[in-house]
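Asks: Sharing a sequence plus its predicted fold:
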Amino acid sequence: MADQVQEILDVPREFLKDGMQFINRSQKPDRKEFIKISQAVGVGFLIMGAVGFFVKLIHIPLNNVLVGGA
């Protein structure tokens, strides 16, 4: 019984230990790296927005034709 309790308590300890190692090894990006990441995210937003816009642009008239326009 004590072994099971010890195993249950070891899981959060290991998680915290691994998390602290990750935080300690991590570093903040420099300005150039931050700008590159921001640009990549911005382009991703634009692409996903354009895809969503065109899907909606095609879906609305197609839906009105199929349903009969209400």
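Replies: Arrived safely.

Asks: Need the residue closest to the centroid of the protein.
Replies: Central residue of the chain (CA atoms, centre = their mean): residue 41, 10.9 Å from the mean position.

Asks: Kindly indicate whether it is helix, strand or coil.
Replies: Three-state assignment for residue 41 (DSSP: H, G, I helix; E, B strand; the rest coil): helix.

Asks: That one and residue 51: what is the separation?
Replies: Distance, residue 41 to residue 51, using CB to CB, to the nearest Å: 16 Å. Any C-beta I mention is one placed from the backbone N, CA and C, and that applies to glycine too.

Asks: How is residue 29 assigned, secondary-structure-wise?
Replies: Put simply, residue 29 is coil when judged by three-state DSSP.

Asks: Contacts only, for it.
Replies: Residues counted as contacts of residue 29 (CB atoms under 8 Å, 6 or more residues apart in numbering) are residue 37.

Asks: Report the contact partners of residue 65.
Replies: Residues near residue 65 by CB under 8 Å, 6+ apart: none.

Asks: that older thread, what separates the residue nearest to the centre of the chain from residue 10, distance-wise?
Replies: Look at residue 41 and residue 10: by CB to CB, they are 38 Å apart.

Asks: before we move on, what about residue 66?
Replies: Remark: distance between residue 66 and residue 10 (CB to CB) = 58 Å.

Asks: now do residue 57
Replies: Distance, residue 57 to residue 10, using CB to CB: 55 Å.

Asks: Same question for residue 50.
Replies: When CB to CB is the yardstick, residue 50 and residue 10 sit 49 Å from each other.

Asks: Also residue 40?
Replies: Using CB to CB, residue 40 is found at 39 Å from residue 10.

Asks: Same question for residue 33.
Replies: Computed as CB to CB, the residue 33 to residue 10 distance reads 37 Å.

Asks: same question, residue 44
Replies: Using CB to CB, we find residue 44 at a distance of 39 Å from residue 10.

Asks: ditto for residue 25
Replies: For residue 25, the distance to residue 10 (CB to CB) stands at 22 Å.

Asks: between these two, which one's more packed in?
Replies: Between residue 25 and residue 10, counting by other CB atoms under 10 Å, residue 10 is the more crowded of the two (11 against 7).
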